[in-house]
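let's see this in three dimensions:
(one chain, ligands or ions: 1)
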Amino acid sequence: MPAETPTDPRTFGATPPERARDEIIRFENVTKRFGDNTVLDDLCFSVTSGKHVTLIGPSGSGKTTILRLLMTLEEPDSGIIRVNGGQLFPADAKHRREVRKRIGMVFQQFNLFPNMSVLRNITEAPVRVLGLGKDEAESRARELLDLVGLADKVDARPAQLSGGQQQRVAIARALAMRPRVLLLDEVTSALDPELVAGVLDLLRDIARSTDITMLCVTHEMNFARDISDEVFMFDGGKVIESGPPERIFTDPAHERTRDFLGAVR
Ligand SMILES: Nc1ncnc2c1ncn2[C@@H]1O[C@H](COP(=O)(O)OP(=O)(O)OP(=O)(O)O)[C@@H](O)[C@H]1O
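Have a look, this model is predicted:
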């Protein structure tokens, strides 16, 4: 079993320049079934470090399942998943936890801890999982709250914030773990329409100003077009085509992609 040591988790989204073009995520012949439903079928794809990749495809095509596998919230039935030079599956639990530390996720429903202040929501995992000191974690959390425009909400509880503000806290919380890979699952779906643009703008800024690899599932095709280096179209448990957004959105090669884009536009 390969057991490379993941890079120092204290380095914010670090990608040493010499590794900037490396592959950071690899799915090799991954199959995932729920009962009789084969959701991912011998799936193979890879993502280059620092790139922003958007997964598109019909409802039920397995996009969220891919993110949940990367978060180790699901296990594949077979195949290999590698992230950041380490193996996530198959792997022993300890190695998997180490690899998993460098992956952050922002969920559709924010998933904040309701009984903790905004500050605690952000410092909890860096203290518990990365072993950061409380002062260092708090100082980092305040910087991130500044970045997401919520410096004045340090002591608020999630219920006192709007959906858009809660999602900004969730983004700050994910970044506080210094992820190499950030997974974004329909992050604007639960927001009132007038709050969507602000959250998407924030994610665009993060995409432009960091070297974090992003894997996004979204139905916001304009956002996908804007933020992505590459778009993967899923159908029938496989990637049926991939390419830069300028091509996928204007000249898709596959009939299923044309039908899908026609339906969502
Ligand atoms: N825990 C589970 N148990 C049983 N079936 C599941 C489970 N999780 C997902 N599925 C099924 O797996 C399939 C893929 O689901 P997934 O959420 O990955 O699709 P998706 O492409 O993200 O869809 P959407 O665009 O609607 O979010 C669906 O048929 C779903 O019902």
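
go ahead and name everything in contact with the helix or strand where Leu184 lies.
Using DSSP states H and E, Leu184 sits within strand 181-185. With contact meaning C-beta atoms under 8 Å, 6 or more residues apart in numbering, strand 181-185 is reached by 24-25, 64, 67, 70-71, 83-84, 102-108, 174-175, 203, 206, 212-218. The C-beta positions use only the backbone N, C-alpha and C, and glycine is treated the same way.

what mean pLDDT does that strand have?
Strand 181-185 carries an average pLDDT of 96.

ok, it near the ligand or not?
No: on the criterion C-beta under 6 Å from any ligand atom, strand 181-185 is out of touch with the ligand, staying 7.8 Å away.

narrow the contacts of strand 181-185 to those that are buried.
The neighbour count (16 or more other C-beta atoms under 10 Å) marks 24-25, 64, 67, 70-71, 83-84, 102-108, 174-175, 203, 206, 212-218 as buried among the contacts of strand 181-185.

among the residues you listed, which ones lie close to the ligand?
Among the buried ones among the contacts of strand 181-185, the ligand is touched by 64, 217 when using C-beta under 6 Å from any ligand atom.

following the helix or strand hosting Asp146, which helix or strand comes up?
Using DSSP H and E, the element containing Asp146 is helix 134-147. Per DSSP H and E, helix 134-147 leads on to helix 163-175 as the next helix or strand towards the C-terminus.

how about the residues of this protein by the ligand?
Applying C-beta under 6 Å from any ligand atom, one finds that the chain approaches the ligand through 34, 37, 39, 57, 59-65, 217.

ok, now how distant is Leu144 from Cys216?
As defined by C-beta to C-beta, to the nearest Å, Leu144 lies at a distance of 20 Å from Cys216.

which residues of the protein fall in strands?
In the chain, the strands defined using DSSP state E lie at 23-34, 37-48, 52-56, 78-83, 86-89, 103-106, 181-185, 213-217, 230-235, 238-243.

could you dump the ones you listed into CSV with distance to Leu130 added?
What follows is the strands of the chain, written out as CSV (distance: least, C-beta to C-beta, whole Å):
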stretch, distance to Leu130
strand 23-34, 19
strand 37-48, 23
strand 52-56, 24
strand 78-83, 17
strand 86-89, 16
strand 103-106, 12
strand 181-185, 16
strand 213-217, 19
strand 230-235, 30
strand 238-243, 33
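
center of the protein - which residue?
By C-alpha atoms, centre = their mean, the chain has its centre lying nearest to Leu183, at 0.4 Å.

can you tell me who it pairs with across the strands?
Taking DSSP bridges as the rule, Leu183 bridges to Met105, Leu215.

and it, how close does it get to Arg97?
Using C-beta to C-beta, Leu183 is found at 17 Å from Arg97.

what's the end-to-end length of stretch 177-187?
By C-alpha to C-alpha, to the nearest Å, the extent of stretch 177-187 from end to end equals 18 Å.

likewise for stretch 148-166?
11 Å.

which residue packs closest to the closest residue to the ligand within the stretch 151-265 of the chain, ignoring adjacent ones?
Per C-beta to the nearest ligand atom, Val217 is where the stretch 151-265 of the chain lies closest to the ligand, at 6.0 Å. By the measure of C-beta to C-beta, 6 or more residues apart in numbering, the closest residue to Val217 outside its immediate chain neighbours is Lys63, 4.4 Å from it.

can you give me the neighbour number for the one you found?
Using other C-beta atoms under 10 Å, Lys63 has 23 neighbouring residues.

any idea how far it lies from Arg265?
18 Å.

same deal with Arg225?
For Arg225 relative to Arg265 (C-beta to C-beta), the value is 11 Å.

so the two - more neighbours on which side?
Arg225 (16 against 7).

ok, the more buried one - contacts?
The contact partners of Arg225, taken as C-beta under 8 Å, 6+ apart, are 245-246, 249.

having no further points to raise, I will conclude here.
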